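In: Below are the sequence and a predicted model for it; my questions follow.
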Amino acid sequence: MAISSDKFRLDGKVAVVTGAGGRANSIGRAYALGLAQAGASVVVADLKEEGARAVRDEVVASGGRAIAVGVDIAKPDSVRAMAAAAREAFGGVDILVNNAALMAELGHLAAIDIPIEQWNRILDVNLTGALNCAQALVPLMRERGGGKIVNQVSGGAFPALSVYGIGKLALVGLTTTLARQLGREKINVNAIAPGNTMSEAGRQLTPDDSPFIKMLEATVAMRVRGQPDELVGALLLLCSSAGDWITGQVLHVDGGWVLRP
Ligand SMILES: NC(=O)c1ccc[n+]([C@@H]2O[C@H](COP(=O)([O-])OP(=O)(O)OC[C@H]3O[C@@H](n4cnc5c(N)ncnc54)[C@H](O)[C@@H]3O)[C@@H](O)[C@H]2O)c1
């Protein structure tokens, strides 16, 4: 059988990308632009609605189709309104990219001293937020006979050494659980684990002279730092028919930081 690059195309598909409208040069922005370039209509969703509108405008200016939606993924009502907006604009949803998270604002918070309210808020966004989005959008995927979910985890979950890492490792658990539950309905559920990525948030969290970067420089097989664009190929694999037989996996895109058999 011939393999064609057409298998990576997303023409006629509708993708929701959360966390796509915040800081400049974000990973969500790269995802929204990449999905649109592959042919998908994109729902650019973020807590920061103004940022979402700016990314929507970029997608449209580059010839794509997109709408902007303000959403708080920690609030089921807000997520349901996002699902309704997607259906109204594009008739349904095929792809969910759970990319929104609290990260740079957390620093390297250790678990032992964290006030429990703060712990709950972090998990509400970084873990339950992804479940809220899946619960709201899987019914729309079922209507279309299948779909793709990609959860954005992190190399920082292998192993988890911070509250952020704990949330991301739990999101790996949600990935495998949903993959098993939804597989027979032709809904693939996978995760991408980026390495140190030079979004504005990534730069803020890990400046060149941080001990974390020194640690990476001693261990990473290739380049320590990547650009948001360098994650898009993995996303297109997991969102397109090229990845139809891949589910329940974590795809590490990190220059060889987390090496797993
Ligand atoms: N930059 C890196 O080095 C790196 C590495 C590994 C994983 N990641 C992950 O990649 C994703 C994107 O990271 P980024 O570097 O682009 O950071 P970013 O801060 O630019 O993106 C996160 C986005 O999530 C949004 N958000 C936060 N809370 C929200 C809520 N309750 N509802 C809706 N949106 C909300 C923010 O407004 C922001 O736009 C995150 O999941 C992050 O954990 C980043």
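Out: Nice, thanks for sending it over. Numbering: from 1, shown residues only.
In: can you count the residues close to Val250?
Out: Close neighbours of Val250, defined as other CB atoms under 10 Å, add up to 19. For the C-beta atoms, the positions are set from N, CA and C on the backbone; glycine is no exception.
In: got the contact list for the most centrally placed residue in the chain?
Out: Nearest residue to the geometric centre of the chain (CA atoms, centre = their mean): Asn99, 2.7 Å. Taking CB atoms under 8 Å, 6 or more residues apart in numbering, we find Asn99 in contact with 17-20, 27-28, 31, 152.
In: If we check the ligand, which of those are in contact?
Out: 18-19, 27-28, 152 (CB under 6 Å from any ligand atom).
In: in the chain, what spans have low per-residue confidence?
Out: 1-2 (pLDDT under 70).
In: Helices along that one, start to end?
Out: Along the chain, counting by DSSP state H, helices occupy 27-37, 49-61, 76-90, 116-123, 129-143, 163-182, 200-205, 211-219, 232-239.
In: looking at the ones you listed, which is buried most?
Out: Comparing the helices of the chain by mean neighbour count (mean count of other CB atoms under 10 Å), helix 27-37 ranks first with a mean of 26.
In: how near is the nearest residue to Ala74 once chain neighbours are set aside to the ligand?
Out: Spatial nearest neighbour of Ala74, chain neighbours left out: Asp124 (4.3 Å); criterion: CB to CB, 6 or more residues apart in numbering. To the ligand, Asp124 is 8 Å away according to CB to the nearest ligand atom, to the nearest Å.
In: What count of nearby residues applies to Asp124?
Out: 17.
In: For the closest residue to the ligand within the chain, which residues are in contact?
Out: Per CB to the nearest ligand atom, Gly22 is where the chain lies closest to the ligand, at 1.9 Å. By CB under 8 Å, 6+ apart, Gly22 lies in contact with 28, 46-48, 51, 201.
In: cool, and Leu137?
Out: For Leu137, the contacting residues are 16, 83, 86, 93, 96, 147, 149, by CB under 8 Å, 6+ apart.
In: One more: Ala234?
Out: Contacts for Ala234 (CB under 8 Å, 6+ apart) come out as 192, 251, 253.
In: just Ala101 next, same as before
Out: If you count contacts by CB under 8 Å, 6+ apart, Ala101 has them with 19, 125-126, 129, 152, 167-168.
In: one more time with 10 Å, if that's ok
Out: Counting by CB atoms under 10 Å, 6 or more residues apart in numbering, Ala101 makes contact with 18-19, 27-28, 73, 122, 125-127, 129-130, 151-154, 164, 167-168, 171, 201.
In: Kindly report the same for Leu171.
Out: So Leu171 contacts 98, 101, 123, 126-127, 129-131, 151-154, 157, 191, 193, 250 (CB under 10 Å, 6+ apart).
In: and which of those residues is nearest to Ser78?
Out: Gly129 (10.1 Å; CB to CB).
In: what's the nearest residue to that closest one if we skip its chain neighbours?
Out: With CB to CB, 6+ apart as the criterion, Gly129 has its nearest non-adjacent residue at 3.4 Å, and that residue is Ile73.
In: Pretty sure the one you found sits against Val79.
Out: Yes - taking CB atoms under 10 Å as the definition, Ile73 is a contact partner of Val79 at 5.9 Å.
In: shared neighbours, these two?
Out: Among the neighbours of Ile73, those also in contact with Val79 (CB under 10 Å, 6+ apart) are 18, 45, 129, 131-133, 136.
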